[in-house]
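Peer 1: Curious how this folds, go ahead:
(2 chains)
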Amino acid sequence: MRIDARGKQCPLPVIEAKEALNAAALSEIVEVTVDNEIAAQNLRKLAEQKKLGYVCEKLGEGNYVVKITASGENNPAAESGEFVPNCAVGQGKVAAITSDTMGYGDDKLGRLLMKGFIFALSKQEEPLGTILLYNGGARLSCEGSESLEDLKSLEERGVRILTCGTCLNFYGLSERLCVGTVTNMYEIADILTKAALVVRP
Amino acid sequence: MGEAVVFCKGGGCTAKLGPGALSSVLKKLPKFKDPNLLIGFESSDDAAVYKLSSELAIVQTLDFFPPMVDDPYIFGQIAAANALSDIYAMGADFKTALNIVCFPESMDLNILGQILLGGSEKVREAGGVLVGGHSIADGDVKYGLSVTGTIHPDKVFANNACRPGDALILTKPLGVGIICTAARLKAASDEALAQAVRSMTTLNKYASEIARKYRTHACTDVTGFGFIVHLCEMLGDKFSARIDKSAVPFIPESAGYADEFYITAAGQRNRNFAEGKVDLGDCSFAMQEILFDPQTSGGLLISMEPNDAPKALEELKALGLPCTVVGEVTKRLEKAIYIK
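Peer 2: Okay, the predicted model is just below:
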């Protein structure tokens, strides 16, 4: 969920973020844009008090993007409801992408193939439900990846793009995630075990 | 009610510039040298004191801000009580006041009338005279007073002359900034807002007159910079203080509202300014927010000879607001303030 709180005085950005977090599902990211550092600091206090993940990025003067990861605890309905459509063919399909290369052999070729694979996914008439990105796959949703545009177009069509938080930390990419949201191993395990079909390129 | 909503956008002392921002600008101004200027702005004191003779000094201050409550009459009372407070923090007697007004041309003039009425009633209660003023057509409402008082030059309460062992007395409850913020978003109870209004409209005149009867070493009023920053200013770099958090008076509902994040930018600016100077101990989040909360027309913070404190406190409590000894001044330790 995105909130543009620029031009709003504290506590409005914090109160709006609090309400969005209360309504959000597990691991959903509430993204709040604010125009001053103090507001970002007040949002950090909100995240710290609620023990939620907090990332702040300064995009420019008067433009701070704060991402807080929801616990989903106030919204069990959203959490359980999320998996209901998994039986449906499209929604139940999960792509588990574990590397930024496709297949074994030459890595240069592998990267080219992976780029092509994600491009092809984005052109499918009926897109899949979820793309999980972990280990080397985490690089694909971050700054510098050549698949960002394709992943963004998939996200716009309703595909959940989830990147493993542990992996982002490991590769030092936590601040560079450009598309989708951060996930954790509980959610990854849950999605993989409940999926109607897992595709692993 | 339509106009009242526009009227109050969140003001009072929460609208103050941050302490860091202000001091960086003031430091660059060339200083005025005049032997008769007893207190200027170098010591971040509440008001300026200028000696006219060995017996008489004038005390000058001005304060104005945007509305923090929806009712213009109450806003006028609060703004006046707040502006007069600096005179009382110096231990001076209030004499004359001038209105300062910013008001949108398109707004109902009856609202301005209510603001000025509220202000003039507080001036009258304080025993001074309203002698004029100045008004500007502006996008937003702002109101306050420029105030002049008198004092004997030897009897000025400096804000930073505390001594180790002094008892620290706070004469009004904290949390009014948080409550006004919650009220603006319709999240405060009528009872909480009523307590905040009662505190903000109470003149510090009465507390100041009591403080003068005892061995008061230093005094300031707690306003936009919040309890912690005002206490830091009082301690300077010569002293430290231990604060008993369980003794600090605050309006009870403010803790719950802080936990719901009805917190201001000004409160965070105060935190940024003072965080390194304070050991917050195991202070809860809500209590931290209360200690950093910008106060509008807050109470006096009095540093007093410890033996005098119990009797003074008895008299202060009779004024009717929650008032306690919140801690003591110590010799300088590593941090300025230790919250226990």
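
Peer 1: hey, what's the nearest residue to residue A:160 once chain neighbours are set aside bridged with?
Peer 2: Take residue A:160 and drop its neighbours on the chain: the residue closest to it by Cβ to Cβ, 6 or more residues apart in numbering or on different chains is residue A:130, 4.5 Å away. Where you see a C-beta, it was placed from the backbone N, CA and C, and this is true even at glycine. For residue A:130, the residues forming beta bridges with it (DSSP bridges) are residue A:94, residue A:160.

Peer 1: So residue A:130 is in contact with residue A:162, correct?
Peer 2: Yes: contact between residue A:130 and residue A:162 holds when scored by Cβ atoms under 8 Å: they sit 6.4 Å apart.

Peer 1: what residues do those two have in common as contacts?
Peer 2: Any residue near both residue A:130 and residue A:162 by Cβ atoms under 8 Å, 6 or more residues apart in numbering or on different chains counts here, and that gives residue A:191.

Peer 1: so what's the residue in chain A positioned nearest to chain B closest to, chain neighbours aside?
Peer 2: Of the residues in chain A, the one nearest chain B is residue A:10, at a distance of 4.1 Å by Cβ to the nearest Cβ. For residue A:10, ignoring the flanking residues on the chain, the nearest one in space by Cβ to Cβ, 6+ apart is residue B:265 at 4.1 Å.

Peer 1: check contacts around that neighbour.
Peer 2: A:9-10, A:36, A:38-39, A:42, B:14.

Peer 1: So what's the model's average confidence on stretch B:187-207?
Peer 2: The predicted model gives stretch B:187-207 an average pLDDT of 96.

Peer 1: which residue ranges form the strands in chain B?
Peer 2: B:37-39, B:48-51, B:57-65, B:93-103, B:129-137, B:142-151, B:167-170, B:216-221, B:239-243, B:278-279, B:300-304, B:324-331, B:337-339 (DSSP state E).

Peer 1: deepest of those strands, which one?
Peer 2: Burial of the strands of chain B is given as mean neighbour count (mean count of other Cβ atoms under 10 Å in any protein chain shown); strand B:300-304 ranks first at a mean of 27.

Peer 1: Give me the contacts around that one.
Peer 2: With Cβ under 8 Å, 6+ apart as the contact definition, strand B:300-304 has outside contacts at B:85, B:88-89, B:161-163, B:166-172, B:204, B:207-208, B:211, B:214-222, B:227, B:230-231, B:234, B:312, B:329.

Peer 1: what is the mean pLDDT for it?
Peer 2: Confidence for strand B:300-304, expressed as mean pLDDT, is 97.

Peer 1: how about the residue of chain A closest to chain B, what does it touch?
Peer 2: A:38-39, A:42, B:263-265, B:268.

Peer 1: where exactly do the strands run in chain A?
Peer 2: Taking DSSP E as the criterion, chain A carries its strands at A:2-4, A:29-34, A:54-60, A:63-69, A:93-97, A:130-133, A:160-164, A:181-183, A:197-199.

Peer 1: thinking again about what came up before, what pLDDT does the residue nearest to residue A:160 get?
Peer 2: According to the prediction, residue A:130 has pLDDT 91.

Peer 1: Which residue lies closest in space to residue B:322, excluding its sequence neighbours?
Peer 2: Taking Cβ to Cβ, 6+ apart as the measure, residue B:322 lies nearest to residue B:249, with 3.8 Å between them; neighbours along the chain are not counted.
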